[in-house]
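1. below are the sequence and a predicted model; questions follow.
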Amino acid sequence: MTPTANSAAALPRSRVPYENWRPPVIGVTLLVPVGADELLVADATGCGDIVLPTGSVENDESPEQAAQRALQGTRRDLPVLRQVAVNQVQMRRRKVISHLVATHPLTHEDAADLAYRDPRAVLRVLPTGQAITELPEKAQARLLLGLQALAIGVMAYLEDDVVQRLESVLAS
């Protein structure tokens, strides 16, 4: 007796764990304070939808170097302070790793001098509270965690947007 299509459909499907058969996607997100109470954001669509400035990390490049490529100024390099968080998310066939890098606070003149990697986006300076409320939900959580990690001097490690551990950062 041969199995029928109905008996094959009745068998439970086995769940196979995800495989990382493709190299991970590695990116950098920038936390750029302006003055004491504002943040630099990118208006990606020109219609008020804001995001934190982002970029990709190329082979043999540090997140800090990638941050320099994401935002470039004509007067000087971006004053990168340190990395404040790393988030790893497992997608269907590859891992996505995002580094959150903070800069030293900029002046309004230095912020106006910056150019974003995507010429379709406009850089804007917003009060921190307004930037937090206008960001998408996941970006809000990442921004708040980054601000907290920066304030208390730790590095946050996340997996699938859940904090796994915090490590103290030695002052240099």
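-> Thanks, I have the structure now. Quick caveat, the model's predicted, so the values are computed rather than measured.
2. secondary structure element for Gln140?
-> Assigned by DSSP states H and E, Gln140 falls within helix 137-152.
3. now that helix: buried residues?
-> For helix 137-152, a neighbour-count test (16 or more other C-beta atoms under 10 Å) marks Ala139, Ala141, Arg142, Leu143, Leu145, Gly146, Leu147, Ala149, Leu150 as buried. Any C-beta I mention is one placed from the backbone N, CA and C, and that applies to glycine too.
4. show me what it is packed against.
-> Helices and strands touching helix 137-152, by 3 or more C-beta pairs under 8 Å, 6 or more residues apart in numbering; DSSP states H and E, are strand 25-31, strand 80-90, strand 95-103, helix 128-134, strand 154-159.
5. rerun at 10 Å
-> strand 25-31, strand 38-43, strand 80-90, strand 95-103, helix 128-134, strand 154-159, strand 162-168 (3 or more C-beta pairs under 10 Å, 6 or more residues apart in numbering; DSSP states H and E).
6. so that helix versus strand 38-43, what angle?
-> Per axes from the mean of the first three to the mean of the last three C-alpha atoms, to 10 degrees, the angle that helix 137-152 makes with strand 38-43 is 150 degrees.
7. please put the alpha-carbon coordinates of helix 137-152 into PDB.
-> Output in PDB follows, covering the C-alpha atoms of helix 137-152 (Å, rounded to 0.1, in the frame of the first residue of the first chain):
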ATOM      1  CA  GLU A 137       9.200  51.800  18.600                       C
ATOM      2  CA  LYS A 138      12.300  49.600  18.200                       C
ATOM      3  CA  ALA A 139      14.500  52.600  17.500                       C
ATOM      4  CA  GLN A 140      13.100  54.300  20.600                       C
ATOM      5  CA  ALA A 141      14.200  51.400  22.800                       C
ATOM      6  CA  ARG A 142      17.700  51.300  21.200                       C
ATOM      7  CA  LEU A 143      18.100  55.000  21.600                       C
ATOM      8  CA  LEU A 144      17.000  55.000  25.300                       C
ATOM      9  CA  LEU A 145      19.300  52.100  26.000                       C
ATOM     10  CA  GLY A 146      22.200  53.800  24.200                       C
ATOM     11  CA  LEU A 147      21.600  57.100  26.100                       C
ATOM     12  CA  GLN A 148      21.600  55.100  29.400                       C
ATOM     13  CA  ALA A 149      24.700  53.100  28.500                       C
ATOM     14  CA  LEU A 150      26.500  56.300  27.600                       C
ATOM     15  CA  ALA A 151      25.400  58.100  30.800                       C
ATOM     16  CA  ILE A 152      26.500  55.300  33.200                       C
END
